[in-house]
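Undergrad: Sequence and computational prediction follow.
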Amino acid sequence: DAGVTQSPTHLIKTRGQQVTLRCSPKSGHDTVSWYQQALGQGPQFIFQYYEEEERQRGNFPDRFSGHQFPNYSSELNVNALLLGDSALYLCASSLAISTGELFFGEGSRLTVL
Amino acid sequence: QQQVKQSPQSLIVQKGGIPIINCAYENTAFDYFPWYQQFPGKGPALLIAIRPDVSEKKEGRFTISFNKSAKQFSLHIMDSQPGDSATYFCAARYSGYALNFGKGTSLLVTP
């Protein structure tokens, strides 16, 4: 049973560019959440998708956007990259009706130069 | 504003010791309190979780103690092993909303 898979694992961008990160949830899961983890910090919630709609959003600017596809996979897009966007981006999946256990992928390490 | 405050930032114990990591929260609406373990280069993995109607929960060598009146909860690792060396995060959430994580505790268990 495949867990949460994310791609790419590492990428380097320059300021002002745009990036797209991808996530496939754990089999049977229908809800995808994205978190940003800066070095030495805990994960910070970006947003959550369920039934192809953004259900919740954390305190992140509109430069951060996402999408969920009919097969429950998801993308995170970040526009106009800033140096401060350098972080590990984690995707987590869950069942919307579950007690709330999140299963995390290994993340996409983004470096902005 | 940090909704979950975690301490200590780092911890070193000898093999067999019992490291204790503490967390405090303010929002009394929180109804789910998990602990996650993260190894370098990996995503966080759920260790154990508790709800506020229970004061203690054990799973293997990991125990959560929960004090609802003090709005605090802690993780104890019994008979710690070098393989337990990792970063541990407490978290809290309410009613299906997003998890709020602490800043993490870096644990080193020496042989």
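TA: In hand now; what should we look at? These numbers were taken from a predicted model, which means no experiment stands behind them. Residues are numbered from 1 along each chain as shown, chains lettered A, B, ... in the order given.

Undergrad: So the most centrally placed residue in chain A, which state does it fall into?
TA: Taking CA atoms, centre = their mean, the centroid of chain A lies closest to residue A:34, which sits 3.2 Å from it. What DSSP: H, G, I helix; E, B strand; the rest coil gives for residue A:34 is strand.

Undergrad: In contact with it: list those residues for me.
TA: A:23, A:45, A:46, A:47, A:48, A:66, A:74, A:76, A:89, A:90, A:91, A:92 (CB atoms under 8 Å, 6 or more residues apart in numbering or on different chains). Backbone N, C-alpha and C define where each C-beta goes, glycine included.

Undergrad: and which of those residues is nearest residue B:106?
TA: When the contacts of residue A:34 are compared for distance to residue B:106 (CB to CB), residue A:90 wins out at 17.9 Å.

Undergrad: And the closest one, how close does it get to residue A:70?
TA: 23 Å (CB to CB, to the nearest Å).

Undergrad: Quick check on the two: which one has the bigger neighbour count.
TA: residue A:90 (27 against 7; other CB atoms under 10 Å in any protein chain shown).

Undergrad: does that one really touch residue A:103, like I thought?
TA: No. Between residue A:90 and residue A:103 there is no contact under CB atoms under 8 Å: 10.7 Å.

Undergrad: Now residue B:34: closest residue in space, sequence neighbours ignored.
TA: Spatial nearest neighbour of residue B:34, excluding adjacent residues (CB to CB, 6 or more residues apart in numbering or on different chains): residue B:49 at 3.7 Å.
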